[in-house]
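Trainee: okay, sequence plus prediction incoming.
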Amino acid sequence: MKHILILLFILPLVTSTVAQQVAPPTPPAASQTQRPEDAEVVRITTNLVQVDAVITDNHGKLVADLKPEEVEIFEDGHKQKITNFTFNLSESTPVERPASTAKADRNAPVLPPAQLRPEEIKRTIAIVVDDLGLSFESTAYVRRALKKFVEEQMQAGDLIAIIRTSGGIGALQSFTADKRQLLAAVERVKWYPLGRSGISTFDPVQGVTPGRNGPEMDQAMADFEEFRKDVFAVGTLGAVSYVLRGLKELPGRKSILLVSDGFKIDDHNDQTKNYQARERMRRLIDDAGRASVVIYTMNAARLQPLGFTAGDDLSGRNRKPMELEDAMKARRDEAYNQQEGLDVLAHETGGIAIRNTNDLTGGIRRVLEDQKGFYLIGYRPDESTFDKRTGGRTFHHLNLKVTRPGKFNVRMRNGFYGAPTDEQKAAPRTSAQKLFAALASPFGSTGVHLQLTSLFANDETVGSFMRSILNIDVHDLTFTDEPNGIHTCVFEVLSMTFGDNGAAVDRTGRTYTLNLPDEIYRRAQRDGLVYQVTVPVKKPGAYQLRMSLRDTASDRTGSASQFVEVPDLKKNRLALSGIALRGDAATTVQPASDGPAAAQEGIEKGNADASPAVRRFRTGMIMAYDFFVYNAQSEKSAPPQLLEQLILYRDGKPVFTSQQRPMKFGDQTDSKRLLGGSAIQLGTDLPPGDYVITVLITDTLADRKHQVATQSMDFTIVK
């Protein structure tokens, strides 16, 4: 991998994908209710125990007008005096069912979203797919439901992560609003053959082993399988704990949806079994409360017939009705026990356990619709709650009662360990930890303003690669004036590239000391600095580059991330590189009356804002775009037959769509790599804001299934 620090902005590049810029949001009107992100949602200290609760009426409707005197809270059966009481209202819009069941256009581009700021987040949801405990049958239904959720149910302001329990737990997991990234994560959801679930939800009944020692051998094998499943259940709960740690620092009330065929936490016939899973569950419930995370669970097994199936081996039992009944009872018990773990986890953390349904998509919708509002209720604990002398971790049970006449349903976490959060003080972080914390955040840290552009391209000699450029706002760096007109600055950079399985494929960190002469320093103040990284890509797939920078003198940090899809060019299917944008600051051709219009080629003349690294254009400017087309089909000596179309989007809606027109290739002869591009004028009727340019290429000679390739990139229009 190559790393280059450049003191000038990047001149015309061939490929790119863009980091986003968002205008500051309009402050919300004053309200008597609190927004979740404005409140410290859960606190457990020696001076205050604060919990969150969702209260609904007998019809499931949220009750939002309770008064403190209408609620009582109990710790270990003892009534406590409420000292804090607020209702927090989420601003999420209801999740509506799609108005039409028409099949979506498979060639429609998935647009990159605007970068969300913490104050813009309405729901933060981690969907944990327990592929350690999903059967082969369930996996297909889960993948289908998740894809439908991403494409149809996500709302503006949703921050989502899709995480598998079997992989990537040791690497950074990304919470994002980018549907492209989430759809790539959905594609990674596959059956894990080494997990605790087989082809079907329930293990097939095994035949009785013949011989004198047959029953003992069968029991030994059953005990071993029980132990193995317990170990995998602990793995599932450990993965959820990892997600909790990632959610803890995010704003507002967060939730986890655990999708699984279930796991066992209690054997009612033998309390020594499933001990590890049971203890891990208890700690997880406490951690969820401290992190202000509600856990929902969904049984992916759907409605199951509990009778015998063709996969069961009933040999040795055919003439013994009682043994057949015992085998049937064992299957019913297994179905109950597998669900029990999911039920307890949801109930104890204030979530909902979704079960006995074939509509997994509807189950996800129910979780989303539950993110409406909650009460924050606090009280001053007794000294006995926290045993400072022994440091013991006694578990304290919580209960909430509504005294208003009528029937009410209360969902809240049901207890906590007597260990105050305020005593768990974190040690001072090192500079490396600060860099990683900025890099891991789903929100770009803005102590140092950065803009990242990651570029996919392919070369006949070196193969596929990603070239990324990080534009650094020099005004956020600390320079000292040295003799002879030299300006000195020191900063650290950390960059990591992650594959679609969550594992890091590249990581590097460096410290730079800049000694800039006065003339170059003034130019850097005007144009910024560009840090360039080139990473070879050996395998196709979805990648994410994350970079963070720390100014050593001020300790300010900044971060940015970029998602890139690398196609498999070996399949000989139509594909596009990223798109490079550049502008001509001097050109101000009058726009057509109907909005943006095609115009002559724009030429880069030194405007850093309109470079591929920054992509900020003024209305009236000529915006040129360049890209490569890979694997165009051709017949004999005839040139490829490609049609090009351009669409501009704002807020996800098209504001300009060009007519299809044939691409011209000049004297290019390599149909595997064709350079394309043109230019448009940005009409003065386009208001300032964030836009997306999408290029659609149609290969009329390719098969119908692979005729269209698209590529998008965002940019900003300023006054």
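Mentor: Great, that's in hand. Numbers count the residues shown, from 1 in each chain.
Trainee: contacting residues around P640?
Mentor: Going by Cβ atoms under 8 Å, 6 or more residues apart in numbering, P640 touches A632, Q633, S634, M663, F665, S671, L674, D699, L701. Using the backbone N, CA and C atoms, a C-beta is placed for each residue, glycine as well.
Trainee: that one - nearest residue in space that isn't next to it in sequence?
Mentor: Closest residue in space to P640, ignoring its immediate chain neighbours: A632 at 3.8 Å, by Cβ to Cβ, 6 or more residues apart in numbering.
Trainee: and that neighbour, which of the three is it?
Mentor: State at A632, reduced to three classes by DSSP: H, G, I helix; E, B strand; the rest coil: coil.
Trainee: now it: how far from G362?
Mentor: Distance of A632 to G362, computed by Cβ to Cβ, to the nearest Å: 43 Å.
Trainee: quick one: which of those two has more around it?
Mentor: Set A632 next to G362 and count neighbours by other Cβ atoms under 10 Å: A632 wins out with 24 against 12.
Trainee: returning to that earlier point: the residue nearest to P640 reaches D699, doesn't it?
Mentor: Yes: counting by Cβ atoms under 8 Å, D699 is a contact partner of A632 at 5.7 Å.
Trainee: anything in contact with each of those two?
Mentor: The contact sets of A632 and D699 overlap at L574, P640, L642 (Cβ under 8 Å, 6+ apart).
Trainee: what kind of secondary structure is the second one in?
Mentor: Which is P640. At P640 the chain is in coil, as set by three-state DSSP.
Trainee: got phi/psi on it?
Mentor: Dihedral pair for P640: phi -60, psi 150, per degrees, to the nearest 10.
Trainee: per-residue pLDDT, it?
Mentor: On pLDDT, P640 comes in at 92.
Trainee: in a strand, N458, correct?
Mentor: Yes: secondary structure assignment (three-state DSSP) places N458 inside a strand.
Trainee: from D382, how far out is L576?
Mentor: Between L576 and D382 the distance, using Cβ to Cβ, works out to 66 Å.
Trainee: so S561 is in which element?
Mentor: For S561, the host element (DSSP states H and E) is strand 557-566.
Trainee: what lies in contact with the following helix or strand past that strand?
Mentor: Remark: after strand 557-566, the chain's next helix or strand is strand 575-576, criterion DSSP H and E. Contact with strand 575-576 is made by P567, L569, F627, F628, V629, Y630, N631, V695, I697, A709, T710, Q711, as judged by Cβ under 8 Å, 6+ apart.
Trainee: make a markdown table out of these and add neighbour count, distance to V614 and pLDDT.
Mentor: Shown next, in a markdown table, are the contacts of strand 575-576 (neighbours: other Cβ atoms under 10 Å; distance: Cβ to Cβ, whole Å; pLDDT from 0 to 100):
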| residue | neighbour count | distance to V614 | pLDDT |
| --- | --- | --- | --- |
| P567 | 19 | 27 | 90 |
| L569 | 16 | 29 | 92 |
| F627 | 23 | 19 | 94 |
| F628 | 22 | 22 | 94 |
| V629 | 25 | 26 | 95 |
| Y630 | 21 | 27 | 95 |
| N631 | 22 | 31 | 94 |
| V695 | 23 | 20 | 93 |
| I697 | 23 | 26 | 94 |
| A709 | 23 | 26 | 92 |
| T710 | 18 | 24 | 91 |
| Q711 | 24 | 19 | 90 |
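Trainee: from these, which is closest to L648?
Mentor: Distances from L648 to these, taken as Cβ to Cβ, are shortest for V695 (10.8 Å).
Trainee: contacting residues for the closest one?
Mentor: By Cβ under 8 Å, 6+ apart, the contact list for V695 reads L576, I579, Y625, F627, E644, Q645, L646, T710, Q711, S712.
Trainee: ok, now with 10 Å
Mentor: Neighbouring residues of V695 by Cβ atoms under 10 Å, 6 or more residues apart in numbering: 109, 576, 579, 625, 627, 629, 644-647, 658, 676-678, 709-713.
Trainee: residues near K664, how many?
Mentor: 11.
Trainee: secondary structure class for it?
Mentor: Classification of K664 using three-state DSSP returns coil.
Trainee: low-confidence ranges, the stretch 501-650 of the chain, go.
Mentor: For the stretch 501-650 of the chain, applying pLDDT under 70 flags the ranges 501-502, 584-607.
Trainee: residue boundaries of the strands in it?
Mentor: Per DSSP state E, counting those that start in this stretch, the stretch 501-650 of the chain carries strands over the ranges 504-517, 529-536, 541-551, 557-566, 575-576, 580-584, 597-598, 616-618, 622-630, 642-650.
Trainee: quickly run through the sheet partners of the fifth one, with directions.
Mentor: Its sheet considered, strand 575-576 pairs with strand 622-630 (antiparallel) by DSSP bridges.
Trainee: try the longest one
Mentor: The strands that strand 504-517 pairs with in its sheet are strand 486-498 (antiparallel) (by DSSP bridges).
Trainee: what sits against the closest residue to T552 other than its chain neighbours?
Mentor: Nearest residue to T552, sequence neighbours excluded (Cβ to Cβ, 6+ apart): V490, at 4.6 Å. Applying Cβ under 10 Å, 6+ apart to V490 gives the contacts L477, T478, F479, T480, T511, Y512, T513, L514, R550, D551, T552, A553.
Trainee: let's see it at 7 Å
Mentor: Each residue near V490 by Cβ atoms under 7 Å, 6 or more residues apart in numbering is listed here: T511, T513, T552, A553.
Trainee: tell me how far it lies from L514.
Mentor: 8 Å.
Trainee: go on, S464?
Mentor: Distance, S464 to L514, by Cβ to Cβ: 32 Å.
Trainee: swap in N631?
Mentor: In this view, N631 and L514 are 43 Å apart by Cβ to Cβ.
Trainee: ok, now N299?
Mentor: For N299, the distance to L514 equals 57 Å [Cβ to Cβ].
Trainee: these two - which one has more neighbours?
Mentor: Between N299 and L514, N299 has the larger neighbour count (other Cβ under 10 Å), namely 26 against 19.
Trainee: list just the nearest of the contacts of P640 to L450.
Mentor: Lowest distance from L450 to these (Cβ to Cβ) belongs to L674, with 33.0 Å.
Trainee: so N299 touches I352, yeah?
Mentor: No: taking contacts as Cβ atoms under 7 Å, N299 lies outside contact range of I352: 11.8 Å.
Trainee: dig out what S495 forms beta bridges with.
Mentor: Counting by DSSP bridges, S495 is bridged to T508, M547.
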